[in-house]
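Colleague: One predicted model, sequence on top.
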Amino acid sequence: MKRTFALLTFLIFFIDVQGQSIYHFEEGLGVGPCHQYGREALYTDQLAYQLYKGILIKPQEGGVLLKGSKGEDIKWKKVKADSTHRFRGDAFSNGYVYLTYESKKEQAAVLTVTGQDMIYFNGVPRGGDMYRYGWMHLPVLLKKGKNEIYARVARFGRFGGITANLNFPEKPVSLNTEDLTVSDIVPGLKNDSLWTGVVISNITQRAVSGLQIKSSILGKEAVTAIPSIPAMSVRKVGIVVNGTGVTNAGKNNVSLSLMQNGKLIDQSKFDIQLTEEGKQYSRTFVSELDGSVQYYAVSPQINPGTSEKPALFLSVHGAEVQAISQARAYKPKDWGVLVAPTNRRPRGFNWEDWGRMDALEVLEIAKRQYNPDPARIYLTGHSMGGHGTWFLGATYPEKWAAIAPSAGYPTLSSYGSHDGVIPDSARSPMEAILLRASNASNVLALTSNYKSLGVYVAHGDADRTVSVNYARQMRDILGKFHRDFSYYEHIGGEHWYGDISVDWPPIFNFFSWHSIPKDTAVASIDFMTANPGISSKMRWASIHQQVNALKYSRIKLNMNKKNMQIDGTTTNVALLSLDLGAFTSGSRIKIALDSLAPIEYEVKKDNETVYLKNEGGWKIAANPAGSEKNASRNGTLKDAFRNRMVYVYATGGSADEKAWAFEKARYDAETWYYRGNGAVDLVSDKDFDPQLFKDRGVILYGNKSTNAAWDKLLKDCPVIVTTGKVQVGDKQITGNDLAVYFIRPRADSKTASVTVISGTGKMGFLAANANQYFSGGSGFPDLMIFSAEMLKTGISEVKMSGFFGNDWSVKIGEFVTQ
C-alpha cells in the first residue's frame, strides 16, 4: 500500500454559508513510500516509528526521511493544491502529508482532511477519511503556535488526492446531518418510531451529558435521550422520528432540536421520504452488534399470484453502492421480496467480519418482517457483493437454496481494494500463525461447501474492474465436483452492463427451481470451517471445538435411517454435536467416526442433540461449558467487538500513559464510526461497573498497572501486562516498548469477551496505535506481542503469537515465540 507526506503553510481564508471561518491548506511537503499496512496484523511505518521515538526531524524540502529498499534517499518534496484545494500526484504513495497551522492562541477548531487513512494531530492519532466522503469532521484543540498534522495516505493522487481545511464553529456542541441514516415512511408498516442516525460534535475539553434531541414532523414530536459525547469528539447517535402524520408522497421536512438539561443549544433539519406503494424503500433498525442505527433496503413483493409464503432474496451490494441503490436495480417480483443489507457502509468490510454480521442480522430481521418460505431463501450480489456472495455462500451453506455471484472475486488474497490483499503465503512460522487467523476468509479452501447449493455464476467478459478470469477460475473449480451450477458470460459486458447485471431473469429462474431441504431429509453432509465461532453448523451436525485453532476443520457424515447409523470422517474436530431429529425416542443407533469402533447410543427424547468428544477416540460428552471455547465465543482478537461493546480506557499511570488510553480509545471509536457507521460508549476505568455493562463486549485500553478495570475483568487471566514486562503463563517477556493484543472470555458472561489493547510502557502503547483489525478479512490471533521495533524492521520483532486452548489456557494452547 502506498502513502504520502506534505507540509502545508499557506492558507486561504473565507466565510462559509453558515458564517464559519474556514482555512484551506494550499502548500505542503510530501514523502513516500515509508509504510506498509494491509489486511494483516503486521505493519511497518518508518515515520510513525521516528515520531514515537522522538527522533523525527522537522520536515523540509529536500530533507531525507530514510533510506529506501534500494539505498535511495526518501526525501520530502513540495506539493501544491489545485484550484479545488486538492493535492494530487502519485509521487508520495505509501507515505504521508505534513501540514502545519500557526495559531495565535489556544482554541478549539474542526479539522477535515479527506483522502487519508488516519492523521497524527500534534502527535495524537485521529480517524481517517480514505474514501473522501468529506463528513469526517474532527474536533481538535489548537495550541498556541505551530500545530502539526501528519496525514497517512495510501494511493495519493490516483483517486482524488487529499484536501485539508480547518473551521471554527461558534457552537461548542452541535448537530451535523451530512451523514444521516434514515428510514423511509412506508404505507402499511409501523411508522411511529423510525430510528434515525445523526451526528453530534463536541468541541469542548469535557464530555457532554444530559442531552436530548426532539424531532418534529407535521406536528408529531418525539424526544430521545442521548448518551454522553466524549471530549473533542463526534458520535453518531440514534433518535426517534414519528412519521404517522405524513400523508404526502415524496420528501417531508423533519426539524431537530438539541437540548442540554432542557435548554436549546442547536437546531437542524433533514428530509424524510414517504414512499409509494410497491416502490423500493429503506428501513432502519438498532443493531445488536453495537447499538447503532443501521438500515436495509427492500424491493417489495407485488401482486402475488398465490397465498403461499414469499421467497426471500438477500442481495449484497458492491463497493460504493448504497443498499437502496442495490434494491432499486431490481424490479419487484411477484413471488418474493428482495432485501439488501448495507455491509455497514458502502465499502464497509467487504462482507466479512462486521459486514458478515450485518448481512446475518438483516437476514433475521427480514425473516421476522416478511415471513418467507424457509425453503426458498436465496443469496446474490454484484462486484464486492459478488465476493460477499461467494463468501457468505461458502461460510453458511445451510442458509441458502441457491446463490448467484455476479462480477465477483472469490478471495481477498487476490483482490483487495483499498486495504490491500491478505498475503497468501507465509515466510516464517510466526507469519504462518498470524495468517492462520485469516483462514475463515479463504473461500477457495471452502469450495466444497457449495455442494449442497445451486450456484449461478454471471460475469461480463469485458469487465476491466473485476476480471472475468475470477469467474472462470470458480467455474473450473466447481466443474470438478459440482452437479448443480450454471455459468454465464455476458458478451461485451463490462463491470456494470445495466440492471441486468444483477436483475438477470435466468438467475431468478434458476432460483425458482431450488429449495432448502429439511435437515432430517438430508442423508449426507460435507462441511468445512476455519472458525466455529463464525460458522459451525451444517444441517444436523455442528463443530464446536477444534484440535488446532483456526486450521480447517471438516466433517463428512452419512445418516442411514434404515440401518439406524451415522458414520463418516472428521478432520481437526475436537468436539462435535449431532441433532438426532431423524430418530424417534427409544431408538438405538450406532455412531461410527474415523473408522473407529462404533458408539451405541439410545435416543432419550425426540429432537435430541448428542455431543461427542475426540480424546484419542470418540466418546459421548456434554455440551461445552460456557467457560470453554465454543461456537458462541471462540476468539480471535476481533470477537469482542460485538455484543454492544464498550471501550474502557485507563486513567492511571504516567501522564503520557493516561493520555494515550483515552486518545487511542477515541481513535478506535472514530475509525469504527467511519468504517462501520457505528457508535460505541467510551467509559473510564473508574466509571466501569461490570453489572451496568452486563454481557457486553469490552475493549480495555491500558495494562494491569494503569487500568483499574483490569482486575474486574481479568482477575484470573494467564496474561498479565504491567510496566516493563508481559507474563504469559510461565513465560516472561521484558521491555518497556512491548505492545500486546489479546482476547479473553468475560468470566461473568456466556457470550461476551474482553479484547485488551495494551503495552508495557509509553513506546509499547504507541506501537499499539495501529488498528488494522478494522480492515475486513484481516486476521488477528488470540494473542500477539511485538516490540515497537516492528514498525521499523517488521516481523522479526513479533515476540509471541498464537491461540489459547479450548479451555482458554496457555498450557494447551498453540503459540510461536521468537
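Modeller: Structure received.

Colleague: did I read that right, Leu363 in a strand?
Modeller: No. Assigned with DSSP: H, G, I helix; E, B strand; the rest coil, Leu363 falls outside any strand and is helix.

Colleague: pretty sure it is touching Trp400, no?
Modeller: No. Shown here, Leu363 and Trp400 do not form a contact pair, counting by CB atoms under 8 Å, at 9.9 Å. Using the backbone N, CA and C atoms, a C-beta is placed for each residue, glycine as well.

Colleague: When the two are compared, which one has more neighbours?
Modeller: Trp400 (26 against 20; other CB atoms under 10 Å).

Colleague: quick one, what contacts the closest residue to Val421 other than its chain neighbours?
Modeller: For Val421, ignoring the flanking residues on the chain, the nearest one in space by CB to CB, 6 or more residues apart in numbering is Ser413 at 5.4 Å. Residues near Ser413 by CB atoms under 8 Å, 6 or more residues apart in numbering: Val421, Ile422, Pro423, Asp424, Ser441, Asn442.

Colleague: what's the neighbour count on the third one?
Modeller: Just to be clear, that refers to Pro423. By other CB under 10 Å, neighbour count at Pro423 equals 17.

Colleague: Could you do the last one as well?
Modeller: By the measure other CB under 10 Å, the count of residues near Asn442 is 22.

Colleague: any idea which helix is longest in this structure?
Modeller: helix 655-676 (DSSP state H).

Colleague: could you say what helices and strands that one packs with?
Modeller: strand 124-127, strand 233-241, strand 646-649, strand 681-684, strand 698-701, helix 762-767 (3 or more CB pairs under 8 Å, 6 or more residues apart in numbering; DSSP states H and E).

Colleague: Quickly run through the sheet partners of the first one, with directions.
Modeller: Here strand 124-127 has these sheet partners by DSSP bridges: strand 118-121 (antiparallel).

Colleague: Need the residues that contact the strand it pairs with.
Modeller: In contact with strand 118-121 (CB under 8 Å, 6+ apart) are residues 48, 51, 111, 113, 125-128, 138, 140, 147-152, 667, 671.

Colleague: Show me just the buried residues among those.
Modeller: For the contacts of strand 118-121, a burial check counting by 16 or more other CB atoms under 10 Å picks out 48, 51, 111, 113, 125-128, 138, 140, 147-152, 667, 671.

Colleague: ok, back up a step: got the buried residues for the longest helix of the chain?
Modeller: Applying 16+ other CB under 10 Å to helix 655-676 flags 657-658, 660-676 as buried.

Colleague: ok, now stretch 617-634?
Modeller: So stretch 617-634, judged by 16+ other CB under 10 Å, has buried residues Trp618, Ala621, Pro624, Glu628, Lys629, Asn630, Ala631, Arg633, Asn634.

Colleague: Between all of those residues, which two are at the greatest distance?
Modeller: Across the buried residues of stretch 617-634, the longest distance by CB to CB is 24.0 Å; it joins Trp618 and Arg633.

Colleague: State the distance from the residue positioned nearest the centre of the chain to Val199.
Modeller: Among the residues of the chain, Trp354 comes closest to the average C-alpha position under CA atoms, centre = their mean, at 3.7 Å. Distance, Trp354 to Val199, using CB to CB, to the nearest Å: 19 Å.

Colleague: Just confirm Arg283 is within a strand.
Modeller: Yes. Counting by three-state DSSP, Arg283 is part of a strand.

Colleague: ok, it - how many residues close by?
Modeller: Arg283 - counted by other CB under 10 Å - has 23 other residues nearby.

Colleague: Gln732 now?
Modeller: Residues near Gln732, counting by other CB under 10 Å: 10.

Colleague: Does it lie in a helix or a strand, and which?
Modeller: Per DSSP states H and E: Gln732 is located in strand 731-734.

Colleague: Output the contacting helices and strands for that strand.
Modeller: Checking 3+ CB pairs under 8 Å, 6+ apart, strand 731-734 ends up next to strand 725-728, strand 798-803.

Colleague: Quick one, which of those strands gets closest to Gln691.
Modeller: strand 725-728 (28.5 Å).

Colleague: packing partners for that closest one?
Modeller: Using 3+ CB pairs under 8 Å, 6+ apart, strand 725-728 sits against strand 719-722, strand 731-734, strand 783-787.

Colleague: any idea of the mean pLDDT in it?
Modeller: Here strand 725-728 scores 98 as its mean pLDDT.

Colleague: swap in stretch 619-638?
Modeller: 96.

Colleague: re the thing from before, am I right that the residue nearest to the centre of the chain is in contact with Met645?
Modeller: No. Trp354 lies out of contact with Met645 (CB under 8 Å); the separation is 10.9 Å.

Colleague: Name the residues linked to the closest residue to Tyr150 other than its chain neighbours by a beta bridge.
Modeller: Take Tyr150 and drop its neighbours on the chain: the residue closest to it by CB to CB, 6+ apart is Tyr120, 4.2 Å away. Counting by DSSP bridges, Tyr120 forms beta bridges with Pro125, Tyr150.

Colleague: What confidence value was assigned to Tyr120?
Modeller: Predicted confidence (pLDDT) for Tyr120: 98.

Colleague: What's the local residue count around it?
Modeller: Neighbour tally, Tyr120, other CB under 10 Å: 20.

Colleague: And it, how close does it get to Thr163?
Modeller: For Tyr120, the distance to Thr163 - CB to CB - is 18 Å.

Colleague: Same check on Phe688?
Modeller: 39 Å.

Colleague: Likewise for Val223?
Modeller: 37 Å.

Colleague: neighbour-wise, which of these two wins?
Modeller: More neighbours surround Thr163 than the other of Val223 and Thr163, with 21 against 13 (other CB under 10 Å).

Colleague: If that one is in a bridge, with which residues?
Modeller: Arg86, Thr114.

Colleague: ok, it - contacts?
Modeller: Per CB under 8 Å, 6+ apart, neighbours of Thr163: His24, Ala81, Thr84, His85, Arg86, Phe87, Thr112, Val113, Thr114, Gly115, Arg132.

Colleague: Buried subset of those residues, written for PyMOL?
Modeller: Command for PyMOL that selects the buried part of the contacts of Thr163, burial taken from 16+ other CB under 10 Å:
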select buried, resi 24+81+85+86+87+112+113+114+115+132
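
Colleague: returning to what we had before: in helices, which of the contacts of Ser413 appear?
Modeller: Reading helices off the contacts of Ser413, I find no matches (DSSP H).

Colleague: out of the residues you listed, who's nearest Phe349?
Modeller: For those, the nearest to Phe349 is Ser441 (10.7 Å; CB to CB).

Colleague: list the contacts for that closest one?
Modeller: So Ser441 contacts Glu352, Phe391, Thr411, Leu412, Ser413, Ile422, Gly777, Gly779 (CB under 8 Å, 6+ apart).

Colleague: ok, so of these, who is nearest Gly586?
Modeller: Phe391 (42.5 Å).

Colleague: The closest one against Gly355, yeah?
Modeller: No. Assessed by CB under 8 Å, Phe391 is found out of contact with Gly355, at 9.2 Å.

Colleague: can you redo the helices and strands packed on strand 731-734 as CSV with mean neighbour count and distance to Ser216?
Modeller: Formatted as CSV, the helices and strands packed on strand 731-734 follow (neighbours: other CB atoms under 10 Å; distance: least, CB to CB, whole Å):
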stretch, mean neighbour count, distance to Ser216
strand 725-728, 20, 55
strand 798-803, 24, 53
